[in-house]
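1. When you get a sec, could you give me coordinates for this:
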Amino acid sequence: MKKLNKTELKEFLDEKAAFYEQPKFIETDPVQIPHLFTQKEDIEIAGFLTATISWGNRKSILKNAHKLMSLLGNSPHDYVMNHSETTLENLEGFVHRTFNSKDLSYFIKALQNIYNKHGDLESFFSQYNEEAFLQNAIHHFKKEFFILPHLPRTQKHISDPHKNSAAKRINMFLRWMIRDAGPGVDLGIWKSLSPSQLSCPLDVHSGNVARKLNLLNRNQNDAKALTQLDVNLRLLDPVDPVKYDYALFGLGVFEKF
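-> Below is the predicted model:
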């Protein structure tokens, strides 16, 4: 593919983003899990837990995310707020790759703590509403999330941008919660934060496509690469830069670009 100028690149990516950001995208994507719910708190918790296990084989992610919702009685907020040590025992045996039932039990306790202290997840992140990016908010969220006694191994399941992580999964969760729900894929339930603050959920697929399109020249998919991609996507659309995640991901996964 020939090198595109800025206008050509924007036209190309706008077209691909619009093509992939359609309700049919939900059928094969983990975003289908929070779409099962209507109450804000259920959507938040279902989205957060699903994003947490969203790595590896997509069919396996979907299977285990549905299983996880079933373990929570398909009422994730009620389960989080009213769980007991006895009900947590029912989570025994859950595993997705390296995320196991001990990690899940801690996540339930940590979510309860955050809801008790802040009301909901949006209220915590909205403390950082005056910042142009939400990577610092993710750093502080991880600190708050692991304030209770926990196994050291459990910390690896939330990434920290301050430790040079691209924090792909939690950036994806934030996209689900914040971007306009108009096209029908993202849920757009957080109104106190703006899509302009979002960062692309940078993974192997979006990273490889971004390099081929000269949006990224760093080899690693880390926080420094994400910053570079953030800057370049904002040149194309400063209001809604992360709509291009659909284009980059779709080109990589479905078109083997």
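
2. Arg58 versus the nearest residue to Gly93 once chain neighbours are set aside, what's the distance?
-> Closest residue to Gly93 apart from its sequence neighbours, by CB to CB, 6 or more residues apart in numbering: Ser101 at 6.2 Å. C-beta: built from backbone N, CA, C; applies to glycine. Separation of Ser101 from Arg58 (CB to CB, to the nearest Å): 22 Å.

3. Sort out which residues of the helix or strand containing Ile61 are buried, please.
-> In the assignment (DSSP states H and E), Ile61 maps to helix 58-71. Across helix 58-71, burial judged by 16 or more other CB atoms under 10 Å covers 61-62, 64-65, 68-69, 71.

4. I'd like to know which elements the very next helix or strand once past that helix is packed against.
-> Using DSSP H and E, the helix or strand that follows helix 58-71 towards the C-terminus is helix 76-82. In terms of contacts (3 or more CB pairs under 8 Å, 6 or more residues apart in numbering; DSSP states H and E), helix 76-82 is packed against helix 40-52, helix 101-118.

5. average pLDDT for helix 76-82?
-> Regarding helix 76-82, the rounded mean pLDDT is 98.

6. Residues contacting that helix, please?
-> With contact meaning CB atoms under 8 Å, 6 or more residues apart in numbering, helix 76-82 is reached by 37, 39, 41-42, 44-46, 49, 69, 72-73, 87, 108, 111-112, 115.

7. quick one: contacts of stretch 211-221?
-> Residues from elsewhere that reach stretch 211-221 (CB under 8 Å, 6+ apart): 1, 3-4, 9, 13, 166, 168, 202-204, 207, 210, 224-225, 228-229, 232-233, 257.

8. Buried among these? Make that a ChimeraX selection.
-> Burial among the contacts of stretch 211-221 is assessed by 16+ other CB under 10 Å; the matching ChimeraX selection reads:
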select :9,13,166,168,202,203,207,210,225,228,229,232,233,257
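
9. Next step: the contacts of stretch 211-221 restricted to helices.
-> Counting by DSSP state H, the part of those found in helices is 9, 13, 168, 204, 207, 210, 224-225, 228-229, 232-233.

10. Need the max-distance pair from the residues you listed.
-> Within the ones in helices among the contacts of stretch 211-221, Leu9 and Lys168 form the most distant pair, 22.8 Å apart (CB to CB).

11. Excluding covalently adjacent residues, which one is nearest to Val239?
-> Of all residues not flanking Val239 in the chain, Ser196 sits nearest, at 5.5 Å (CB to CB, 6+ apart).

12. my guess is the one you found meets Leu233, correct?
-> No - using CB atoms under 8 Å, Ser196 is not in contact with Leu233; the gap is 10.7 Å.

13. shared neighbours, those two?
-> By CB under 8 Å, 6+ apart, Ser196 and Leu233 have these common neighbours: Pro241.

14. of all the helices and strands packed on helix 76-82, which lies closest to Glu21?
-> Taking CB to CB, helix 40-52 is the member of the helices and strands packed on helix 76-82 nearest to Glu21, at 17.1 Å.
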